[in-house]
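Engineer: Using only what follows, build the 3D model:
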Amino acid sequence: MKQELVQNDITVIGGGLAGVCAAIAAARLGQKVALIQNRPVLGGNSSSEVRVWVCGATAHGTNRYARETGIMGELFVENQYRNPEGNPYLWDLVVLEAVKAESNITLYLNTDVHEVLAEGDEQERTITAVTGWMMGSERRITFKSSMYLDCTGDGLIGFLAGAKFALGREARSEYGEEWAPEIADDITLGSTILFYTKDTGVPVNFVPPSFAKDISQTTIPIRRVIKSGDSGCHYWWIEWGGEHDAVHDNEMIRDELWSVIYGIWDYIKNSGKFGAENMTLEWVGSLPGKREYRRFTGDYVLNQNDIIAQREFADGVAFGGWSIDLHPPQGMYADASGSKHLHADGVYHIPFRSLYSANVRNMLMAGRDISASHVAFGTTRVMATCAVIGEAAGTGAALSSRKGITPRELQERHLEELRQTLLRGDASIIGLRSSDEDDVARKARVTASSTLGVIELAQPGEAYPLQHDAAVLIPADPGISGLQLLVDAKQATSVTAELWDTGRRENYVPHTLQASATAHAEAGEQQWLTFDLQWQPQVPQNAFIIIKANDAVSLHHSQQPHSGVLVFFKDEEPHVSKDLEDHSTDQPVVLWKMQGKARQPFCCRIGSTTAAFAADKAVNGYHRPFGGPQQWMSQPMADRQPEWLQLQWDSVQSIAEIHLTFNDDVNEDLVNLHHHRTAFAIIPELVRNYRVETRVAGGKWTEVAAGSDNRKRKVIHRLPNPVQADQLRVLIDSTNGSRYAELIEIRAYGAVHQ
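Structural biologist: Sure thing, here's the model as predicted:
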């Protein structure tokens, strides 16, 4: 047997998206990282072995401007370009290449860690080494480092190290959670195996195996939706094992899931109800995708009340937005719907104290094993949220390792540095703005070639009959002074519009009525109605303007999307089967949906000028929408090229590193596999070709960096040699389809960061 010792700064065990993002984050901060995965591919439940959609804060478009940035955002945008068909093997490659791009990561695939050395008593333990067996290579490898991250999902490393953990459902009294049971139990969410089908174009027979279950003798055909054209995550509800031990009974759970999959396919193929003569099975999973097992106890346990109240934490380092999504213990055999959902009014916050162990000094956790109650886990468990948690935990591990302190000490003494480091890497902490003193762009005067000062969407497209209330979201910066809407009217009628605030600046639902106005329409098409809506909020925020239902009136969708402007439709009935999902319509984000029209707002004009797209928004410390779009936006580029944004200082600055964050429209819901496909391979608002120039006043502009065929949100230019300048400008020559030049953020540093 070959024995090996590997020493690094940080050891990450688990190569799902949480582990991948943790490893990349730590590596980018200069730490040497061992990333250990017990499977032949990375990605965990999202990989080609399991094939679960990567979902997160967007909640399939339920939350607005909620898509993850940072490392998970990079993976989403790259996969959209390289893998528009949602091929699971190409997704594997996107994840693998992201890891291989980091020279500070050493990857160990097919390596199962099952030994942990730890010292200390029950109250305070320290991991000193972990050992794994590399299958197929017969290598026994011991890993030593100052920091360990348990990203295994099941929490094996922390368990072997003696970390405190919870398993099952807490009693309602423990955290005061409405959705918790009265009495604690060991129930968990079940596991799922998925399958893919395809149409061969010719008849195909199917002879079921002897172990296939006759599902007609179960409640499945009655309580679940079965369609011959569905496959993959459409069958997420093939779930079982919640009343068993997801780890120790894994083989039994797998066999039961297989029996049902082949039984469902027998039912589809041979019942004569589905017209599936030409369909065949293309792939059936071999690994149960586990939803839940151990949850470690940190210095804080996130709970239902935190989620629903969108509680802000001083140590907030990540965010989520998926609903609290809990499933019946009986899984696919349950008489109840396959899932029940409780939504907050928007995204919620995750504290760093939930990402490190309360009693193992040098262990952090990321993924579905973080410190959360069972109910809160119902939302934190989805993979894009696990990924952003991974980036936060990896960043925390890197800073702790660099400083020679514990994660708890980092939280107590260096919290602001942790949060600002995350922002610098483009991770999102909702509502937090940069206060990075090293960023000299924050001290510059900012000007631009042009700025969009008027919101006017005047190119009519498809008509929308106003049979139900509809709404448009418009930035109120500094306020709203009059609104015009383009309408068709079958007859003379009155139309009413209401202006509501959204409550919290990160929310996109109506909260408090601020103004109301009625306009008169004559019979006729494409007439502009003027509504005397007046609102001057104390701080810039969004106006949620509801146009009340009127059967005689149609609005017009705009042919052009517009950053910062959204459309909503009031829908009393959710577009999901109640046999599959139970979403209560008394939750505002469920009641007000975009219905696939996110890029088609209504034709409208705002009477007052807006500062929502001013040049200085690019240095105001925000790098995603929050109470407004928070970006610079030029006038339409058809009139002039290039558009530019310029920084000017009172004294000469040394510039060694430039960060540019372009608009990748975080309102666009991206999913890694086959949930849906966008009409474009690259987000149209992303800048395609640009140049960066510097000069000293009175001198010549000199190009110091450039980008061509760009498709990334964040680009960092590290200059070979620092330049001296009191002026810097970004010239945007073209975009990937938008009419406007758009820049979310620019940063400039005198030294290269790690």
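
Engineer: Arg311 touches His349, doesn't it?
Structural biologist: Yes: Arg311 is in contact with His349 according to C-beta atoms under 8 Å; the separation is 6.5 Å. Backbone N, C-alpha and C define where each C-beta goes, glycine included.

Engineer: Of those two, which one has the most company?
Structural biologist: With neighbours defined as other C-beta atoms under 10 Å, Arg311 and His349 compare such that His349 has more, 22 against 15.

Engineer: for that one, which residues make a bridge with it?
Structural biologist: Per DSSP bridges, the residues bridged to His349 are Phe319.

Engineer: And it, how close does it get to Gly699?
Structural biologist: Distance of His349 to Gly699, given as C-beta to C-beta, to the nearest Å: 47 Å.

Engineer: Ala497 too?
Structural biologist: 53 Å.

Engineer: Comparing the two, which shows the higher neighbour count?
Structural biologist: Between Ala497 and Gly699, counted using other C-beta under 10 Å, the more crowded position is Ala497 (21 against 11).

Engineer: wait, doesn't the more buried one sit right on Lys548?
Structural biologist: Yes: if you go by C-beta under 8 Å, Ala497 and Lys548 touch, sitting 7.2 Å apart.

Engineer: can you point me to the longest strand in this structure?
Structural biologist: Selection of the longest strand in the chain by residue count, based on DSSP state E, yields strand 714-735.

Engineer: Which element is encountered next along the chain beyond that strand?
Structural biologist: Note on strand 714-735: by DSSP states H and E, the next helix or strand toward the C-terminus is strand 742-749.

Engineer: Against which helices or strands is that following strand packed?
Structural biologist: strand 632-633, strand 643-662, strand 714-735 (3 or more C-beta pairs under 8 Å, 6 or more residues apart in numbering; DSSP states H and E).

Engineer: List the buried residues for the last one?
Structural biologist: Of all the residues in strand 714-735, those buried under the rule 16 or more other C-beta atoms under 10 Å are 714-717, 723, 725-735.

Engineer: which of the residues in stretch 263-275 are buried?
Structural biologist: Of all the residues in stretch 263-275, those buried under the rule 16+ other C-beta under 10 Å are Gly263, Ile264, Trp265, Asp266, Tyr267, Ile268, Lys269.

Engineer: what does the lowest-mean-pLDDT helix or strand in the chain contact?
Structural biologist: Using mean pLDDT, DSSP states H and E, strand 581-583 stands out as the lowest-scoring helix or strand of the chain, at a mean of 78. Contacts with strand 581-583, where a contact means C-beta atoms under 8 Å, 6 or more residues apart in numbering, come from Ser323, Ser337, Gly338, Ser339, Lys340, His341, His343, Pro574, Val576, Val590.

Engineer: Kindly recompute the last result at 10 Å.
Structural biologist: Identification of contacts with strand 581-583 by C-beta atoms under 10 Å, 6 or more residues apart in numbering yields 62, 225, 236-237, 323, 325-326, 336-343, 573-576, 589-591.

Engineer: List buried residues within those.
Structural biologist: Buried by 16+ other C-beta under 10 Å: 62, 236-237, 323, 325-326, 337-343, 574, 576, 589-591, out of the contacts of strand 581-583.

Engineer: Next step: those restricted to strands.
Structural biologist: Asp325, Leu326, Ser339, Lys340, His341, Leu342.

Engineer: okay, the residues you listed in CSV with distance to Leu673 and pLDDT next?
Structural biologist: Conversion of these to CSV gives the following (distance: C-beta to C-beta, whole Å; pLDDT from 0 to 100):
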residue, distance to Leu673, pLDDT
Asp325, 18, 96
Leu326, 23, 96
Ser339, 19, 93
Lys340, 24, 93
His341, 21, 94
Leu342, 26, 94
